[in-house]
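Colleague: got a sequence here, can you build the structure:
(2 chains)
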Amino acid sequence: MARNWILPLLLWVTTLSACSPYVYNQEITGFSTGVNAVAASYRSGQQAVDGIVAQQRQAAEATVRTRLLLLPGCDQTEPSGTPPRRPECAAVPVGAQAAPGPTAVQQHLADAAPAFDALKGYAAALAAVTASADETALNQARQCLTAAAGGMALELAKFQPAAARDGPLLTPVGGMLGQGIAIWLDQRRLAALRNTVAAVDPEVQALGQTLQAALAAIRAQQLLQLGRDLRRAAEPLEATAVSRLSVAGYQSNRAALEVDIAAFNHIRAADPAATVSAMVTAHHQLALALQANSGRAMAVATGAQTFIAAAEELKAAIGAPATAKAPVVARK
Amino acid sequence: MAQVNPNDVATTCVLALQGAIAKLDALKQQPDADVGQIDAQIDALQTAQAALRDQALRAIEESEANKQAIAAMNSAAANLRTEAAAMQATAADLTSAAEVVTAATSLVAALAHFI
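Modeller: Numbering: from 1, shown residues only, chains lettered A, B, ... in the order given. Okay, here's the model as predicted:
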């Protein structure tokens, strides 16, 4: 009797196995890695701009020898008020009630955070759909089902010898059922990816503009500061009185200048437009491949790799400690 | 109306300013050049370049397209996370089913003595 349903089930699973979809796990993981690198560039670049602003403020204060006072918060060691919080502790010019707020550039960069967070959250969710977490659980379940079905067949055969005929067929049913569900889940995965990736492709392009603008603004601020450092370092060597420098003084100025040139070139190599373009292209190729359902497309893999490489380059350039140098003294 | 990309506009203007900076740099080669004065002018132009990038960022952030894109991406991410959780639950359900079959097998084995 059992043969009536076991055989069609085995046939169904075998047929399904032949058309199990490719769900772009590797490519989506690559896209997610690239997005994380871009988001990391933004965060470290933002910190670099904060550092530049702080340096400029301190340099301006040093130039005019601004008298400073500690805020009253520096005397409070424990949180107070409702809700409890630690009052601000900072050195401010006499008369100021609080530390200076963010500059316009700092504020605009902070306002770009939702765009980076949205893209990062989306990439993580894509990866979650293709992740192997449920695959691991499924494999365990499949093993349990196979063992359980085999045990059940043996027990049934003991007191109903007729069932022994179906034993060899019943035993793999558990495993096949698990495999069938795994294939069904892959179909569901593919459907979810196909619908979502295509639907948000224009949005990825729109957010790309925000990302590009924010990263370009960070790069511009860093280059502005490094350009000033560079010109200041070149001043003694560009002066007509350069011949009056001692050899040691000349060498020391030259060495300092080379450090500044290297830092300037490092940041200058960052190309936010190219990185964002690679990201948009990688996503678009993924959307096209999912729509065509043509299996593993070479263009998607290449696009994801290009994006990762560009994002890592950007991270290395923008994330460099461009401001981790001696405090700048403002020009008089 | 044609769509204007603030990033492209900023890039065009930054490149135009770069042309002016290159001309100032050329002046440094003259024997009587006041390098300090030229550097100050270059600094002013580079400050303008950075300000253009900042303005482009502000313009994009305030655009409806940016706000809609953020909302759409957050919504898509939430839907995908729900789907991922459902798949995870299916796998867990299958494990539970296996446990039920194992328990039933034990029951059958126990009852076999009485049949």
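
Colleague: name the spans of chain B whose pLDDT lies under the cut-off.
Modeller: B:1-2, B:112-113, B:115 (pLDDT under 70).

Colleague: all strands for it, in order.
Modeller: For chain B, no strands are identified by DSSP state E.

Colleague: now do chain A
Modeller: With strands called from DSSP E, chain A shows them at A:68-70, A:91-93.

Colleague: check those for me and report the most buried one.
Modeller: strand A:91-93 (a mean of 15; mean count of other Cβ atoms under 10 Å in any protein chain shown). Any C-beta I mention is one placed from the backbone N, CA and C, and that applies to glycine too.

Colleague: closest one to chain B among the strands of chain A?
Modeller: Closest approach to chain B among the strands of chain A is made by strand A:91-93 (23.6 Å; Cβ to the nearest Cβ).

Colleague: how about the most centrally placed residue in chain B: what's its closest non-neighbour residue?
Modeller: For chain B, the residue nearest the mean C-alpha position is B:Ile70 (9.9 Å; Cα atoms, centre = their mean). Spatial nearest neighbour of B:Ile70, chain neighbours left out: A:Ala118 (4.6 Å); criterion: Cβ to Cβ, 6 or more residues apart in numbering or on different chains.

Colleague: distance check, that neighbour against A:Gln305.
Modeller: With the distance defined as Cβ to Cβ, to the nearest Å, A:Ala118 ends up 24 Å from A:Gln305.

Colleague: repeat for A:Glu88
Modeller: Look at A:Glu88 and A:Gln305: by Cβ to Cβ, they are 46 Å apart.

Colleague: can you check A:Phe264 too?
Modeller: Where A:Gln305 is concerned, A:Phe264 sits at a distance of 29 Å (Cβ to Cβ).

Colleague: which one of those two has more residues nearby?
Modeller: In this view A:Phe264 and A:Gln305 are compared by other Cβ atoms under 10 Å in any protein chain shown, and A:Phe264 has more residues nearby, 19 against 15.

Colleague: what residues are up against the spatially closest residue to A:Ile308 that is not a sequence neighbour?
Modeller: Of all residues not flanking A:Ile308 in the chain, A:Gly34 sits nearest, at 4.6 Å (Cβ to Cβ, 6+ apart). Residues near A:Gly34 by Cβ atoms under 8 Å, 6 or more residues apart in numbering or on different chains: A:278-279, A:282, A:304, A:307-308, A:310-311.

Colleague: go with 10 Å
Modeller: Shown in contact with A:Gly34 (Cβ atoms under 10 Å, 6 or more residues apart in numbering or on different chains): A:123, A:275, A:278-279, A:282-283, A:303-312, A:314-315.

Colleague: pretty sure A:Thr275 contacts A:Phe307?
Modeller: Yes: judged on Cβ atoms under 10 Å, A:Thr275 makes contact with A:Phe307 at a distance of 7.6 Å.

Colleague: now for the two: what residues contact both?
Modeller: With contacts taken as Cβ under 10 Å, 6+ apart, A:Thr275 and A:Phe307 have A:34, A:37-38 as neighbours in common.

Colleague: give me the subset of these lying in helices.
Modeller: Counting by DSSP state H, the shared contacts of A:Thr275 and A:Phe307 place A:34, A:37-38 in helices.

Colleague: quick one on the thing from earlier: show the buried residues in the contacts of A:Gly34.
Modeller: Neighbour-count burial (16 or more other Cβ atoms under 10 Å in any protein chain shown) applied to these gives A:123, A:275, A:278-279, A:282-283, A:303-304, A:306-308, A:310-312, A:314-315.

Colleague: could I get the ones in helices among the shared contacts of A:Thr275 and A:Phe307 as JSON lines with pLDDT?
Modeller: Listed next are those as JSON lines, based on pLDDT from 0 to 100:
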{"residue": "A:Gly34", "pLDDT": "95"}
{"residue": "A:Ala37", "pLDDT": "95"}
{"residue": "A:Val38", "pLDDT": "96"}
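
Colleague: I'm done for today, thanks for sticking with me.
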